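Colleague: got a predicted structure plus its sequence, pasted below:
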Amino acid sequence: MKLAMYDAGAGPRVGVVNDGRVTDAGWAGSMIALISEWDRRRPEVEARLQDAPAIPLAAVRLLPPVARPGKIFAIGLNYADHIAESHMETPVHQVWFTKAVTSVNGPFDPVLIARGAPFVDYEAELVAIIGRGGKHIAKADAAAHVFGYCVGNDVTERVWQHRSGQWSLGKSFDTHAPIGPWITTADEVADPHALAIACQVNGETRQDSNTRHLVFDVFDQIAHLSQAMTLEPGDLIFTGTPGGIGAAMEPRRFLQAGDVVRCDIEGLGHIENTLAAEA
Ligand code: ZN
């Protein structure tokens, strides 16, 4: 199933996406609340698809599928070609940073270039959404804790990222975590480690890879993170970006106001965001 948050003029609603149309899921709460109760609620949601009206996606605004996750963790240096372009060694231990939950942005909303932070770059990433929470999740059990997957852009301000030893501020500017366009539930993703992933800037391909090249796969990541912290429904895990970032080009190319960044993942759809200067 493909679950979106959308607004057709009456405020945010959870909807089910099918063939370019969205059907109200009949759920008044948040996406996280629905994820938490999914096993019980899924039959009700499926029943609504039989008779509730379907609205063309073109007539609604798609919102971030999880507006305010409890936490967002993102892994660095997790594709070999990105490690090489970053002139780094393949990490022995997984490299984690947080993105502020306030950085979440809609799949087609503007990404802002903040005052004093103009070195903005893209990172197309597969995002895993936690379903059933847990602590000390074994790698072999990790798939059962994934609710679904979506497309994300781990937008990064490179100077703020690297001018101290801690990347999180450079990863946490408002609007710098666009996600969507909806959540594809895990049962519809046959293998999360065999998905084409790409990023285009103004139609020019900058990243073009496949999730089979992840150094630490999604389930390694869940097992590792959950040793330290309890994962909860709706938590987001950005699983790393392939080579091709603007900061590694020669000369370096950062995003400018008016640029259009599109991130695509096979089977999950795409997000597309236009850069704009912060007011
Ligand atoms: Zn990233």
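Modeller: Arrived safely, thanks for sending.

Colleague: how about the nearest residue to whichever residue of the chain sits closest to the ion, chain neighbours excluded?
Modeller: Nearest to the ion, among the residues of the chain, is residue 154, at 3.3 Å (CB to the ion). Every residue, glycine included, has its C-beta placed from N, CA and C. Among residues not flanking residue 154 along the chain, residue 123 sits closest, at 3.9 Å (CB to CB, 6 or more residues apart in numbering).

Colleague: same check on residue 117?
Modeller: In space, residue 117 is closest to residue 157, 4.5 Å off (CB to CB, 6+ apart).

Colleague: ok, now which ones touch the one you found?
Modeller: Residues counted as contacts of residue 157 (CB atoms under 8 Å, 6 or more residues apart in numbering) are 114, 117-121, 170-171, 173, 176.

Colleague: is it bridged to anything, and to what?
Modeller: As for beta bridges, residue 157 partners with residue 120 under DSSP bridges.

Colleague: pLDDT score for it?
Modeller: We have a pLDDT of 98 for residue 157.

Colleague: helix/strand/coil for the most far-flung residue of the chain relative to its centre?
Modeller: Computed with CA atoms, centre = their mean, the residue of the chain farthest from its C-alpha average is residue 51, at 31.1 Å. Assigned by DSSP: H, G, I helix; E, B strand; the rest coil, the conformation of residue 51 is coil.

Colleague: and it, what pLDDT?
Modeller: For residue 51, the pLDDT comes out at 87.

Colleague: least confident secondary structure element in the chain?
Modeller: helix 80-85 (a mean of 92; mean pLDDT, DSSP states H and E).

Colleague: which residues does the closest residue to residue 56 other than its chain neighbours contact?
Modeller: Of all residues not flanking residue 56 in the chain, residue 21 sits nearest, at 5.6 Å (CB to CB, 6+ apart). Residue 21 sits next to 54-57 when contact means CB under 8 Å, 6+ apart.

Colleague: drop anything exposed from those residues.
Modeller: Those of these that meet the buried threshold are 54, 57, by 16 or more other CB atoms under 10 Å.

Colleague: number of nearby residues for the residue of the chain closest to the ion?
Modeller: With neighbours defined by other CB atoms under 10 Å, the count for residue 154 comes to 28.

Colleague: and if you look at residue 130?
Modeller: Residue 130: 28 surrounding residues under other CB under 10 Å.

Colleague: quick check: phi and psi at the residue nearest to it when sequence neighbours are not counted.
Modeller: With sequence-adjacent residues excluded and distances taken as CB to CB, 6+ apart, residue 130 is closest to residue 235, at 4.2 Å. Here is the backbone geometry of residue 235 (degrees, to the nearest 10): phi -60, psi 140.

Colleague: can you report how many residues lie near residue 235?
Modeller: Using other CB under 10 Å, the number of residues around residue 235 comes to 26.

Colleague: and stretch 41-56, how far apart are its ends?
Modeller: 24 Å (CA to CA, to the nearest Å).
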